[in-house]
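Novice: Just need the structure, nothing else, for what follows:
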Amino acid sequence: MAENKQVTFHPKGDFFDLKGQNTNVRTEVMAGVTTFFTMVYIIMVNPSMLSQTGMPWGAVFLATIIASVIGTLVMGLFANVPYAQAPGMGLNAFFVFTVCFGLGFQWQEALAMVFLCGILNIIITVTRIRKMIIEAIPPMLQHAIGGGIGVFIAYIGVKKCGLLTFTSDPGQNIVLDGGTVIANSSIVPAIVQFNSPAVLLALFGIILTVILIIRNVKGAILLGILITAVIGIPLGLTSMSNSVSFSDAVSQLPETFGAAFGNPGMQSLFSDASKLPLVLMTIFAFSLSDTFDTIGTFIGTGRKSGIFSEQDEKTLEENQGFSSKMDRALFADATATSIGAIFGTSNTTTYVESAAGIGAGGRTGLTSVVTAAMFILSAFFAPLVSAIPDAAIAPSLIIVGIMMLSSFRDIKWEDMEDAIPGFFAGIFMALCYSISYGIAAGFLFYCIIKTVKGKAKEIHPILWVATILFVLNFVILAKIS
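Specialist: Got it, this is the predicted structure:
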């Protein structure tokens, strides 16, 4: 009976298998709204980032929403899992500062490379390469990745709360044309002075959400966001002053829609044979980061919550096609990147903030459908959606991050053979602000330690290949930056 449940994604009369997943419509709706509010910042941040390359702000704003809606709907309706997709932070920075500014590619050519990255991801998903990568990761590293994502999410929340300041030594930073400051490792974090309304509101939100969680209040995370946002109105922090014209965005969309296939774009990308190695390495860098961000998110959140059960993972390993939820989720994620590039945005990926909705009880694709619906509404009510300040949203990320830390208990921290790769795959992930780079460091030290201990045969061949590719990626980025 259990096996049938794994392949029957949409039982008759219960499309999302709500009963089978021990959830209900109310919980799924609240979870979907929670996920949306924790990641809605992307509809403002992504166009602000990509517009530095010359892309029209309004077009990227709309492309971001369209890519998020399509990707999230595919995840919900096809895979029936509560994950949301949107253009990824980090990947958009790589698009702007490395590919366009550093390497000198035009934004249309960068979009073409993102599209090809998506095609590559679809191929490695359909041919089981992604599945094989997941199977190759030892349980200890999987637990480290899960806990590490918790630390990462909590750290994002702490930063968005405005609880930290960063001080850089004179002359130790670079100011780009867009005003972005890049500082080296001399930068020192410190706690802020608790004398600003935003910080005080964030502290209120953290305390309120903690109380609601401890008291087992239904919808605690979403309630925490909404109540804190209301309290922010008299403080002037919850404001609709930053408006976005929907009609202007619509009129600009044709400038980016299909631009990846024009000239400049796909047609010019391969016209210079001398640039071909650079183009291929850039596509590879896009794909590697996107792939491991997604795998890390699924492993980190899916196993602990039961979304991807042991039976589902077994089905993933043993069966062909789309016989497990993980199969379908990986394919949904792979298709989203190419779809986003067609409309005019950087890599679309599964958002780690989905953990907030999962923490609020989301267990099925209905959560994703609700999140997608909220993204559709956000196109028409952007001023209202963007009015909710970070101080109201960030506390939920901290709490969700804390919830995920329990994965660390399955690591033998007293054994340095486990502790060292566990640290790099877990804690270092947050410190370098990248899921994929945290995974890369964990893989690297796992291989080094096993080799030194004379246990190299225990390392899966795919783990060796992935580690070498990561090292190659770092070397390439060092040379082209």
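Novice: And what about Gln193, helix, strand or coil?
Specialist: coil (DSSP: H, G, I helix; E, B strand; the rest coil).
Novice: Read off the pLDDT value for it.
Specialist: On the pLDDT scale, Gln193 is placed at 90.
Novice: Burial check on it, number of neighbours?
Specialist: Around Gln193 there are 8 other residues, counting by other Cβ atoms under 10 Å. Glycine gets a C-beta too; all of them are placed from N, C-alpha and C.
Novice: how much space is there between it and Leu163?
Specialist: 11 Å (Cβ to Cβ, to the nearest Å).
Novice: and what of Gly219?
Specialist: For Gly219 relative to Leu163 (Cβ to Cβ), the value is 25 Å.
Novice: same check, this time on Arg215
Specialist: 24 Å.
Novice: Looking at those two, which has the bigger crowd around it?
Specialist: Leu163 (19 against 8).
Novice: Show the contacting residues for the closest residue to the more buried one other than its chain neighbours.
Specialist: Leaving out its chain neighbours, the residue that sits closest to Leu163 by Cβ to Cβ, 6 or more residues apart in numbering is Val192, at 5.9 Å. Applying Cβ atoms under 8 Å, 6 or more residues apart in numbering, we find Val192 in contact with Gly162, Leu163, Leu164, Thr165, Val199.
Novice: Tyr185: what secondary structure?
Specialist: Careful, residue 185 is Ser; it's not Tyr. Strictly by three-state DSSP, Ser185 counts as coil.
Novice: Read off the pLDDT value for it.
Specialist: 78.
Novice: now Val400
Specialist: Val400 is assigned a predicted lDDT (pLDDT) of 80.
Novice: please begin residue numbering at 611 from this point
Specialist: Noted, 611 is the first residue going forward, which turns the last one into Val1010.
Novice: Wasn't it part of a helix?
Specialist: Yes. Counting by three-state DSSP, Val1010 is located in a helix.
Novice: quick one, what contacts it?
Specialist: Val1010 makes contact with Thr648, Gly760, Ile763, Ala764, Gly767, Ile831, Ala965, Ala966, Gly969, according to Cβ under 8 Å, 6+ apart.
Novice: Buried residues in the helix or strand harbouring the fifth one, which are they?
Specialist: To tie it back to what came earlier, the one meant is Gly767. Element membership of Gly767, judged by DSSP states H and E, is helix 749-770. Going by neighbour count (16 or more other Cβ atoms under 10 Å), the buried part of helix 749-770 is 750-770.
Novice: Which other helices and strands does it contact?
Specialist: helix 886-907, helix 913-915, helix 964-969, helix 1000-1014, helix 1026-1041, helix 1045-1062 (3 or more Cβ pairs under 8 Å, 6 or more residues apart in numbering; DSSP states H and E).
Novice: That helix vs helix 1026-1041, what angle?
Specialist: 30 degrees (axes from the mean of the first three to the mean of the last three Cα atoms, to 10 degrees).
Novice: Can you tell me the strand partners of the helix or strand that helix 749-770 is followed by and which way each runs?
Specialist: Counting by DSSP H and E, the next helix or strand C-terminal to helix 749-770 is strand 774-777. Using DSSP bridges, strand 774-777 pairs in its sheet with strand 798-801 (antiparallel).
Novice: which residues are contacting the partner strand?
Specialist: By Cβ under 8 Å, 6+ apart, the surrounding residues in contact with strand 798-801 are Leu773, Leu774, Thr775, Phe776, Thr777, Ser778.
Novice: Now the element after it, going C-ward?
Specialist: That would be, after strand 798-801 and using DSSP H and E, helix 807-824.
Novice: quick one: buried residues of that next one?
Specialist: Applying 16+ other Cβ under 10 Å to helix 807-824 flags 808-816, 818-820, 822-823 as buried.
Novice: Turn those into JSON lines, columns for distance to Val798 and pLDDT.
Specialist: Shown next, in JSON lines, are the buried residues of helix 807-824 (distance: Cβ to Cβ, whole Å; pLDDT from 0 to 100):
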{"residue": "Ala808", "distance to Val798": "22", "pLDDT": "93"}
{"residue": "Val809", "distance to Val798": "19", "pLDDT": "94"}
{"residue": "Leu810", "distance to Val798": "24", "pLDDT": "95"}
{"residue": "Leu811", "distance to Val798": "26", "pLDDT": "95"}
{"residue": "Ala812", "distance to Val798": "21", "pLDDT": "94"}
{"residue": "Leu813", "distance to Val798": "22", "pLDDT": "95"}
{"residue": "Phe814", "distance to Val798": "27", "pLDDT": "96"}
{"residue": "Gly815", "distance to Val798": "26", "pLDDT": "94"}
{"residue": "Ile816", "distance to Val798": "24", "pLDDT": "95"}
{"residue": "Leu818", "distance to Val798": "31", "pLDDT": "95"}
{"residue": "Thr819", "distance to Val798": "29", "pLDDT": "91"}
{"residue": "Val820", "distance to Val798": "28", "pLDDT": "94"}
{"residue": "Leu822", "distance to Val798": "34", "pLDDT": "92"}
{"residue": "Ile823", "distance to Val798": "32", "pLDDT": "88"}
